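Enquirer: structural data only, the sequence is not supplied:
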């Protein structure tokens, strides 16, 4: 094992099944754990080493004697310096090389501080035997991410070998039974971030009883695999996980919930709830947003998954309450009801959401909405516009009828005033009127420009790429929604 000079770092090799982060902090973890009381070397050391004062003097005398004969070697370095060197070694080299040198190196290589920020990713090509062996070699592992379905034996090994696990993300199609979840969470009681599929919940709603036993849980994301009307019993989560600050129920369609359960959950978590991704309305059609006013001082991230069953009355309540969530940094929402679209600008007026940094607007959005956002959200860094046009019918207008849109002095001009904007994303939008030629010199901080299924002038997009070399452009423009193939719908 070679040492390194203070100015020359050791070469780091990346393992295909891991993500290595060498910025190890001895006092804190990625999810806020304080380990200042943890000794620099793990408790495993006690099996092989003694630390009495007399023993230390004997070792010092012995080392001095050896130095006279052979000079200084890597074995003479203190544990603190050895750990610093080991922090530059890759995940796989730690397991396959360091831990096989000698007892001392194995103890140091398994020290907690080396594994606080490591992520073990089980990819499609990773065998379960390899994963199980890794768990045994790294008892201090904190983060495991699954990109494939695994057998129940995998979770048994994880539970048995990694009691310090704090983050677990399973594959979207992974099925966990109630018994498997019980056993897993009994061994990994320290889990604070959990991302799982809804398959276990749909199979047995009592599955959440096992999840609720994770008393330290801070983040819970349940991703849906299909459109289903299975109701998530939020009351169970509310009672069992008092520190839960980030709850995500679904991604595209959202998972169902009872209004009374949502009210109970929000009331019991009003001082800790910082992030919420959820359907606009409960199974009985009532909007959840007015309930969120009790946690307006702490809520920072809100994603409302569009529910097409929402009534005009509930949509009105939602938009009225949104503007009062003054601490929001991130907001995703859309409006599908034509009768209430005029209420959207009021959400942002008078600096109500002036702390907003990320905004996603989808479906029916008026030009006045984007103009209001420009004026009243000075800290906005990311803007995503989905299906945005002055009239929804215009999305399907043939190309020769787009002239009327170009002469409307479209709302996109006001985007030029957003000088702090870092990312701009368009999806299902007609982009012919966007003044790309004015972006250089105006949107000086823009670093990402993305398009997904949008119409527009690709030549203008190519020119902006040449003029703004620091700008990353993804996607392309073309007549995808406005070509003659849509003439049949006239």
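Expert: It's in. Only a predicted model underlies this, so the values are computations on that prediction, with no experimental measurement involved. Numbering: from 1, shown residues only.
Enquirer: for the residue lying closest to residue 123 once chain neighbours are set aside, give me its contacts.
Expert: Of all residues not flanking residue 123 in the chain, residue 147 sits nearest, at 5.1 Å (Cβ to Cβ, 6 or more residues apart in numbering). C-betas here are computed from N, CA, C, even on glycine. Shown in contact with residue 147 (Cβ atoms under 8 Å, 6 or more residues apart in numbering): 121-124, 171.
Enquirer: out of those, who has the most neighbours?
Expert: The most crowded member of those, judged by other Cβ atoms under 10 Å, is residue 122 (23 neighbours).
Enquirer: does residue 304 belong to a helix, a strand or coil?
Expert: strand (DSSP: H, G, I helix; E, B strand; the rest coil).
Enquirer: correct me, but it touches residue 289?
Expert: Yes: with contact defined as Cβ atoms under 8 Å, residue 304 reaches residue 289; the gap is 7.1 Å.
Enquirer: shared neighbours of these two, anything?
Expert: 280, 318.
Enquirer: looking at the contacts of residue 147, which is nearest residue 273?
Expert: When the contacts of residue 147 are ranked by distance to residue 273 (Cβ to Cβ), residue 171 comes first, at 27.3 Å.
Enquirer: what bits of the stretch 351-490 of the chain have low per-residue confidence?
Expert: 363-367, 388-412, 480-490 (pLDDT under 70).
Enquirer: am I right that residue 451 is in a strand?
Expert: Yes: checked against three-state DSSP, residue 451 lies within a strand.
Enquirer: neighbours around residue 464, how many?
Expert: Per other Cβ under 10 Å, the neighbour tally for residue 464 reads 19.
Enquirer: what about stretch 357-375, distance to the chain center?
Expert: On the basis of Cα atoms, centre = their mean, to the nearest Å, stretch 357-375 sits 24 Å off its chain's mean C-alpha point.
Enquirer: who touches it?
Expert: 303, 306, 329-338, 341-342, 344-345, 348-349, 377, 379-388, 390, 392, 408, 410-412, 414-415, 417-418.
Enquirer: buried only: go through the residues you listed for me.
Expert: Neighbour counting with 16 or more other Cβ atoms under 10 Å marks 303, 306, 329-337, 341, 344-345, 348, 377, 380-388, 390, 410-412, 414-415, 418 as buried within the contacts of stretch 357-375.
Enquirer: confidence score at the closest residue to residue 218 other than its chain neighbours?
Expert: If the residues on either side of it in the chain are set aside, residue 218 comes closest to residue 192, at 4.6 Å by Cβ to Cβ, 6+ apart. Listed pLDDT for residue 192 reads 96.
Enquirer: wait, residue 192 touches residue 166, no?
Expert: Yes: counting by Cβ under 8 Å, residue 192 does reach residue 166; the two are 4.8 Å apart.
Enquirer: now do the SS call for residue 157.
Expert: Using three-state DSSP, the structure places residue 157 in helix.
Enquirer: quick check: it touching residue 134?
Expert: No: the criterion here is Cβ under 8 Å, and residue 157 misses it with residue 134 at 9.5 Å.
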